[in-house]
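Enquirer: here's a sequence, model it:
(one chain, ligands or ions: 1)
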Amino acid sequence: MGEENSFLTATYLVSGVGDFYKRAEKIALGLTVGTWTGLSMEEKDKLIKHLGKVEEVQVLPGDEQGQGKALLTISFPVLNVTPDFPSLLTTIFGKGSMDGKIRLVDVTLPEGLRREFPGPKFGIEGIRNLLGVYDRPLLMSIFKQCIGLNLEELNKEYQSQLEGGVDLIKDDEIFFQDDEAPAIQRVRSFEEKNRRHYEKTGKKVLYAVNLTGPVTQLADQAKRLIDAGASCLLLNVFSYGLDVLHQLAADPNIQVPLMAHPAVAGALYQSPDYGIASPLLFGKFLRWAGADFVLYPSPYGSVALPEKEALQIAQHLRQTDRIHRDAFPVPSAGIHPGLTPLLFEDFGLDFIVNAGGGIHGHEEGSAAGGRAFLHAIEAIVSGYTLEEASNYSPELKQAIKQWGVHSR
Ligand code: 1AE
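Expert: Down below sits the predicted model:
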């Protein structure tokens, strides 16, 4: 990297007994130039510019088991890293991630280093321009029944999702290469449907096809899908690693939006004492890596995140800075139309309402499920309640009957 006198910082939440300042010094030394044995003075002098430094030790109230807690902030010379996630993560949270109760809660990068990460190619404005929708949260439908279906059956499902009036349709993340309906054929077929839908209704729709396969073939597969007409790519980013998203986002031949799915991320963020905090993982890291859309658990529904964390993620993704475009928060899982008022209250205009079961589980079918959501969203942004809107929308009325309306 070669940025002399420039530092990145990492903040850790640690728990345990003992001297937290000493623990911070051990991290600063152990993750940079030192180890558990001493080094010669001569080497120390030479290596001083690579040494980590304790910036802050903030002792927090301990827990009921008598364990103390503290936030430790360490600065690392930018000289120590190359501008990629493998180097960054190994430096700040490599071996140290296994050293007792320690959780990485925040990272700040100096501007020069941050610029080396691609960030989203489209951002919120770019996506809205692609879709021509500016005045409401977007609506995305998730394919639910897909494994084991042939192309004809999937075509029918796609068509009914389109007819529901959604803005985006995404593959389920568990849908991999499938002989009955290979990704290339799905793209050709669904994008043709998108084209016809646009001719008929004037409405544009993006299809996020699941980008899967061995990592060494991923960029080529992405290009094949784009050549076949793909308008958006879905990536199980945590199964592959953040650098894979980074490389796709930085690839000049990949000029479609990238959607990051959170599969496997629970193993990284769920523990209060270990792993990586969700606002950092989904908010900062995925934006730096280049996701235009970030799916993550909403504060409500079947797989939930604490509200504060879900809002912090959205804040990181939508922060305006001169370096990276913003990205769409997609708080997901177990979403149904009766949750739209709460979601709108929390996330405002620039987020995506994303649903699988809440669309396909509608008693009148998936098209009605989509319309119920759309009517709910349109009502809420116009200042109506769902109950009021349901007088004009039988689809919404039915959805409310099935799942209710949620308030705080
Ligand atoms: C947090 C990810 C949500 C997701 O991937 C998914 O498939 C949700 O489905 P539903 O809406 O819960 O049926």
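Enquirer: centroid-nearest residue for this structure?
Expert: V294 (2.7 Å; CA atoms, centre = their mean).
Enquirer: within range of the ligand, give me the residues from the stretch 151-300 of the chain.
Expert: D172, E173, P262, L295, Y296, P297 (CB under 6 Å from any ligand atom). C-beta here means a position set from N, CA and C on the backbone, and glycine is covered the same way.
Enquirer: highest neighbour count among those?
Expert: Within these, most neighbours by other CB atoms under 10 Å means L295, with 29 neighbours.
Enquirer: shouldn't that one be within a helix?
Expert: No: secondary structure assignment (DSSP: H, G, I helix; E, B strand; the rest coil) places L295 in strand, not in a helix.
Enquirer: might one say that it is in contact with G356?
Expert: No: counting by CB atoms under 8 Å, L295 stays clear of G356, with 11.2 Å between them.
Enquirer: now distance to D63 and pLDDT too, for the residues of the stretch 151-300 of the chain next to the ligand, in CSV please.
Expert: Shown next, in CSV, are those (distance: CB to CB, whole Å; pLDDT from 0 to 100):
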residue, distance to D63, pLDDT
D172, 39, 94
E173, 35, 94
P262, 28, 98
L295, 32, 98
Y296, 27, 98
P297, 25, 97
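Enquirer: beta-bridge partners for whichever residue of the stretch 1-150 of the chain sits closest to the ligand, please?
Expert: Closest to the ligand within the stretch 1-150 of the chain is I142: 4.8 Å, counting by CB to the nearest ligand atom. As for beta bridges, I142 partners with K170 under DSSP bridges.
Enquirer: check what pLDDT the residue nearest to G52 when sequence neighbours are not counted gets.
Expert: Of all residues not flanking G52 in the chain, A28 sits nearest, at 3.5 Å (CB to CB, 6 or more residues apart in numbering). The per-residue pLDDT reported for A28 equals 93.
Enquirer: ok, now how distant is A28 from S15?
Expert: Remark: distance between A28 and S15 (CB to CB, to the nearest Å) = 18 Å.
Enquirer: looking at those two, which has the bigger crowd around it?
Expert: Higher neighbour count among A28 and S15: A28, with 23 against 20, using other CB under 10 Å.
Enquirer: which phi and psi does that one have?
Expert: Per-residue torsions, A28: phi -60, psi -40 (degrees, to the nearest 10).
Enquirer: what's the answer for I127, then?
Expert: phi -70, psi -40.
Enquirer: count the neighbours of it for me.
Expert: Other residues close to I127 by other CB under 10 Å number 26.
Enquirer: check G132 too.
Expert: 11.
Enquirer: swap in L396?
Expert: Neighbours of L396 using other CB under 10 Å come to 28.
Enquirer: which strands and helices sit next to the longest helix belonging to the chain?
Expert: Ordering each helix of the chain by length in residues (DSSP state H) puts helix 183-201 first. Judged by 3 or more CB pairs under 8 Å, 6 or more residues apart in numbering; DSSP states H and E, helix 183-201 is in contact with helix 151-163, strand 206-210, helix 218-227.
Enquirer: okay, these, which one's buried deepest?
Expert: When you average the neighbours per residue for each of the helices and strands packed on helix 183-201 (mean count of other CB atoms under 10 Å), strand 206-210 leads with a mean of 25.
Enquirer: run through who's touching that strand.
Expert: Contacting residues not belonging to strand 206-210 are listed as 127, 130-131, 158, 167-173, 175-176, 183, 186-187, 190-191, 194, 225, 230-234, 236, 257, 259, 293 [CB atoms under 8 Å, 6 or more residues apart in numbering].
Enquirer: angle of that strand against helix 151-163?
Expert: 140 degrees (axes from the mean of the first three to the mean of the last three CA atoms, to 10 degrees).
Enquirer: rounded mean pLDDT for strand 206-210, please.
Expert: Mean predicted confidence for strand 206-210 is 98.
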